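Visitor: Okay, structure incoming, though there's no sequence with it:
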């Protein structure tokens, strides 16, 4: 789906940018041009960015908590 109509930037491109290390709307703005024209896309771009970052979160350690007797 197109997120930024002015610059023809899709949600897929935003997710790919996150996979390559982008982690903020400011970086999306600089690297892809998100929000550089009318700015109406910024809130949705932020949502796509954060959802994809959250989906990439992995568990690196599991700790057992002893149960009360």
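Guide: Structure received. All of these numbers come straight from a predicted model, not from anything done at the bench. Residues are numbered from 1 along each chain as shown.
Visitor: Spatially, and excluding backbone neighbours, which residue is closest to residue 18.
Guide: With sequence-adjacent residues excluded and distances taken as C-beta to C-beta, 6 or more residues apart in numbering, residue 18 is closest to residue 52, at 4.7 Å. For glycine as for every other residue, the C-beta is placed from the backbone atoms N, C-alpha and C.
Visitor: can you count the residues close to that neighbour?
Guide: By other C-beta atoms under 10 Å, the residues close to residue 52 number 17.
Visitor: can you confirm it is in a helix?
Guide: Yes: under DSSP: H, G, I helix; E, B strand; the rest coil, residue 52 sits within a helix.
Visitor: Could you count how many residues lie near residue 48?
Guide: Around residue 48 there are 23 residues (other C-beta under 10 Å).
Visitor: no no, residue 45
Guide: Neighbour tally, residue 45, other C-beta under 10 Å: 21.
Visitor: again, but for residue 6
Guide: For residue 6, using other C-beta under 10 Å, the count is 15.
Visitor: Over to the one 10 residues further on?
Guide: A total of 13 residues lie near residue 16 under the criterion other C-beta under 10 Å.
Visitor: Does it lie in a helix or a strand, and which?
Guide: Secondary structure from DSSP states H and E places residue 16 in helix 11-19.
Visitor: Would you indicate which residues of the helix or strand just after that helix are buried?
Guide: Next along the chain after helix 11-19, taking DSSP H and E as the criterion, comes helix 25-32. Of the residues in helix 25-32, 25, 28, 32 count as buried by neighbour count, 16 or more other C-beta atoms under 10 Å.
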